[in-house]
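Asks: Curious how this folds, go ahead:
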Amino acid sequence: MKVTFPHMGNLYICVKGMLEYLGIEVTMPPKTSKRTLTLGSKYGPEFACMPLKLNLGNFIEASELGAETIMMAGGCGPCRFGYYAQVEHSILQDLGYDYDIVVLEPPDKSITELTSRVRQITGKKSWWKVIQSIRYGYLKSRAVDTVELLSFKTRPRELLTGETDRALNQALKEIDRAQTVEELKLAEARGSEMMQDVAVDSNRRVIKIALIGEIFTLLEPFANLNIERHLGRLGVEVDRSIYLSEWINDHLFMGLLKGIRSTKEYCRNASPYLNHFVGGHGLETVGSVPVYAKQGYDGVIQLFPFTCMPEIVAESLLPKVSAAYNIPLMTLITDEHTGEAGMITRLEAFVDLLERKQYQNYQGARSQELEVRMS
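Replies: Here you go, the predicted model:
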């Protein structure tokens, strides 16, 4: 059995590590590209959001490499993600692709529903071995998040453009190649050293922008047109409202691991603007803006795919939240027609606005300081 799954940023490092820990053969689709999107857009429903089309393209490309079984998450609620697996499987069958599909989703009635699906992938492996593999995959996600966070701080301050990307790519390869927990610890340490070795101007003043919104568009560079890289090169230190390890702790471990940032804080801060679940990460998107405003961020960018209902709900409320907390907001909606050049132009304008606002605040603070000294 050759198992594949869709790309979503660096998720492949974690899931691939987990499956290989169990001795399962993994066939990864090529990294998401224009060809992936072209295939998905050709055969997927026109009204579907871009993540579905990219997933479909991933599966077609993985089949060309010999993949036989699809493993993917499921879901419930207003977000259409819960239909992805069934719709994509039906399309693939119509196209003649002979795939088995295993959907890991919350059980409707009994936990045995979920365990039986897990058994389709793991076979007769002991549950202790399965639990250890999940732990190993989680540790890989923590390592990935560690080096990504370092890249967000380094990129806007680097002295030589591109050095952060080079170091990050090498660090991720080290983490991906690790085959044991001991090797992974060493890989994470080496990766962190690589990021810290990038020459930077530590005194450079930077803009801080939070990226919030739908999880797939936030994590997949192809879907967000490499927004983190573009912002970094514009002198912006970014942070994401969602990281892999945090999502795993919140949704798979039910928050059992303490000392890790949780989206529960976002949900608490969504009130009084939004007080109930609207699917996807809509509630968290609304609540993340007050959190980032209190942390002193200069601006917020909401990212989501065209037709994403939960984020459309959030988008309608965010102007009120932005005004209440005096933090500038920009929304970017992506689909197969979105152009990178146009997005860069919008980012440049937004960053310019934030730089002027930051300078005005700085001048105002200096004036107040002088008045206090004179008095």
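
Asks: Tell me the buried residues in the longest helix anywhere in the chain?
Replies: Longest helix of the chain, by residue count under DSSP state H: helix 340-374. For helix 340-374, a neighbour-count test (16 or more other Cβ atoms under 10 Å) marks 343-344, 347, 350-351, 354-355, 357-358 as buried. Quick note: C-beta positions are derived from backbone N, CA and C, even for glycine.

Asks: repeat for stretch 162-181
Replies: Within stretch 162-181, the residues that count as buried by 16+ other Cβ under 10 Å are 163-165, 167-168, 171-172, 174-176, 178.

Asks: Alpha carbons only: can I get that stretch in PDB?
Replies: Taking C-alpha atoms only, stretch 162-181 is exported to PDB below (Å, rounded to 0.1, in the frame of the first residue of the first chain):
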ATOM      1  CA  GLY A 162      17.900  35.300   0.400                       C
ATOM      2  CA  GLU A 163      20.100  34.000   3.200                       C
ATOM      3  CA  THR A 164      17.100  33.300   5.500                       C
ATOM      4  CA  ASP A 165      15.400  31.300   2.800                       C
ATOM      5  CA  ARG A 166      18.500  29.300   2.100                       C
ATOM      6  CA  ALA A 167      19.000  28.500   5.800                       C
ATOM      7  CA  LEU A 168      15.300  27.700   6.300                       C
ATOM      8  CA  ASN A 169      15.300  25.300   3.400                       C
ATOM      9  CA  GLN A 170      18.400  23.500   4.600                       C
ATOM     10  CA  ALA A 171      17.000  23.300   8.200                       C
ATOM     11  CA  LEU A 172      13.700  21.800   6.900                       C
ATOM     12  CA  LYS A 173      15.600  19.200   5.000                       C
ATOM     13  CA  GLU A 174      17.500  18.200   8.100                       C
ATOM     14  CA  ILE A 175      14.300  17.800  10.000                       C
ATOM     15  CA  ASP A 176      12.700  15.800   7.200                       C
ATOM     16  CA  ARG A 177      15.600  13.400   7.000                       C
ATOM     17  CA  ALA A 178      15.600  12.600  10.800                       C
ATOM     18  CA  GLN A 179      14.400   9.100  11.400                       C
ATOM     19  CA  THR A 180      14.500   8.800  15.200                       C
ATOM     20  CA  VAL A 181      13.600  11.100  18.100                       C
END
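
Asks: pLDDT below threshold where in the stretch 151-300 of the chain?
Replies: Applying pLDDT under 70 to the stretch 151-300 of the chain flags no residue at all.

Asks: count of residues packed around residue 191?
Replies: Other residues lying near residue 191 total 25 when counted by other Cβ atoms under 10 Å.

Asks: name the helices or strands packed onto the helix or strand where it lies?
Replies: Counting by DSSP states H and E, the element that carries residue 191 is helix 181-196. Under the contact definition 3 or more Cβ pairs under 8 Å, 6 or more residues apart in numbering; DSSP states H and E, helix 181-196 sits against helix 127-154, helix 163-177.

Asks: Can you add distance to residue 34 and give these back as CSV?
Replies: Formatted as CSV, the helices and strands packed on helix 181-196 follow (distance: least, Cβ to Cβ, whole Å):
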stretch, distance to residue 34
helix 127-154, 24
helix 163-177, 20
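
Asks: mind checking which of those helices is nearest residue 87?
Replies: helix 127-154 (26.5 Å; Cβ to Cβ).

Asks: what's the closest one packed up against?
Replies: Applying 3+ Cβ pairs under 8 Å, 6+ apart, we find helix 127-154 packed against helix 11-21, helix 111-122, helix 163-177, helix 181-196, helix 227-233, strand 236-240, helix 244-251.

Asks: Between helix 11-21 and that helix, find me the angle.
Replies: Interaxial angle of helix 127-154 relative to helix 11-21 (axes from the mean of the first three to the mean of the last three Cα atoms, to 10 degrees): 150 degrees.

Asks: Specify the angle between helix 127-154 and helix 181-196 in degrees.
Replies: 10 degrees.

Asks: ok but residue 310 is inside a helix, no?
Replies: Yes. According to DSSP: H, G, I helix; E, B strand; the rest coil, residue 310 belongs to a helix.

Asks: How is this structure divided into domains?
Replies: 2-125, 140-202, 206-375 (automatic domain parsing).

Asks: Residue 206 versus the most centrally placed residue in the chain, what's the distance?
Replies: Closest residue to the average C-alpha location of the chain: residue 219 at 2.3 Å, with Cα atoms, centre = their mean. Plainly put, residue 219 is 23 Å away from residue 206 if you go by Cβ to Cβ, to the nearest Å.

Asks: Residue 231 contacts residue 240, doesn't it?
Replies: No. The criterion here is Cβ atoms under 8 Å, and residue 231 misses it with residue 240 at 11.4 Å.

Asks: wait, what's in contact with residue 334?
Replies: By Cβ atoms under 8 Å, 6 or more residues apart in numbering, the residues touching residue 334 are 50, 217, 223-225, 303-306.

Asks: From residue 307, how far off is it?
Replies: Residue 334 sits at a distance of 11 Å from residue 307 (criterion: Cβ to Cβ).

Asks: Tell me which of the contacts of residue 334 fall in strands.
Replies: Counted as lying in strands by DSSP state E, out of the contacts of residue 334, are 303-305.

Asks: For residue 83, find the nearest of the helices and strands packed on helix 181-196.
Replies: Closest to residue 83 of those, according to Cβ to Cβ: helix 127-154, at 25.7 Å.
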